[in-house]
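> Sharing a model prediction with you, sequence too.
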Amino acid sequence: MNKLLKTQSAPRIIASGFALVIFIGSLLLMLPCSIQPGTHLDYIDALYTSTSAVCVTGLTVVDAGDTFTALGQFFLAALIQIGGLGVTSISAGVILAMGRRVNLKGRMLIRESMNLDAGRGLIGFVYTVFKTTLLIELIGAALSFI
């Protein structure tokens with residue numbers, strides 16, 4: 001698997017990452033614990049909802065509040081978050097959270113996915129993106145409780 005990734009171009013790896021997240025998201029949305037009892041969800045609707053969430057369009061053919069349980073809505077929110085921050089940024093964040101270093105190929109993927117010219121300061125940029133996102137979301141959550 002590692003050898004296969006090394007031979008692929010950055011755009012292909014990024015697109016494959018998005019496709020994998022969309023597919024896994026659709027399966028998570030199809031779980032019985034994700035769907036309200038008595039509600040039917042076709043796989044194509046789950047796939048469309050997952051794709052829309054990851055691609056940050058927000059379109060859905062079902063009412064998310066009526067169709068999904070709290071767990072299903074959590075999965076949907078996680079897909080939106082992954083799509084908003086980017087699959088590559090999330091992957092880099094997980095690697096950094098595990099205490100590992102991001103290799104040269106990983107840095108190239110981050111640069112390509114973020115459409116950055118320079119390769120310097122990418123890890124600091126990822127940290128800044130995560131911190132800023134967390135701060136803004138915490139402020140939004142606090143304001144929603146007022």
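Okay, I see it.
> Helices of the protein, residue ranges please.
Remark: helices assigned in the chain by DSSP state H are 2-7, 10-30, 43-54, 64-67, 70-85, 87-97, 104-114, 122-145.
> which of the ones you listed sits most buried?
Sort these by mean neighbour count, taking mean count of other CB atoms under 10 Å, and helix 43-54 sits at the top with a mean of 20. Heads up, the C-betas are built off the backbone N, CA and C, glycines and all.
> So for residue 36, which of the helices of the chain sits nearest?
In terms of CB to CB, the element of those nearest to residue 36 is helix 64-67, at 6.2 Å.
> any weak-confidence spans in this protein?
When the per-residue scores of the chain are filtered using pLDDT under 70, the ranges that remain are 1-2, 4-6, 118-120.
> tell me the centre residue of it?
Among the residues of the chain, the one closest to the centroid is residue 82, at 1.8 Å (CA atoms, centre = their mean).
> got the contact list for it?
Shown here is residue 82, whose contacts under the criterion CB atoms under 8 Å, 6 or more residues apart in numbering are 21, 54, 90.
> got CSV for the helices of the chain, with distance to residue 37 too?
Written out in CSV, the entries for the helices of the chain read as follows (distance: least, CB to CB, whole Å):
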stretch, distance to residue 37
helix 2-7, 41
helix 10-30, 15
helix 43-54, 17
helix 64-67, 11
helix 70-85, 12
helix 87-97, 32
helix 104-114, 39
helix 122-145, 28
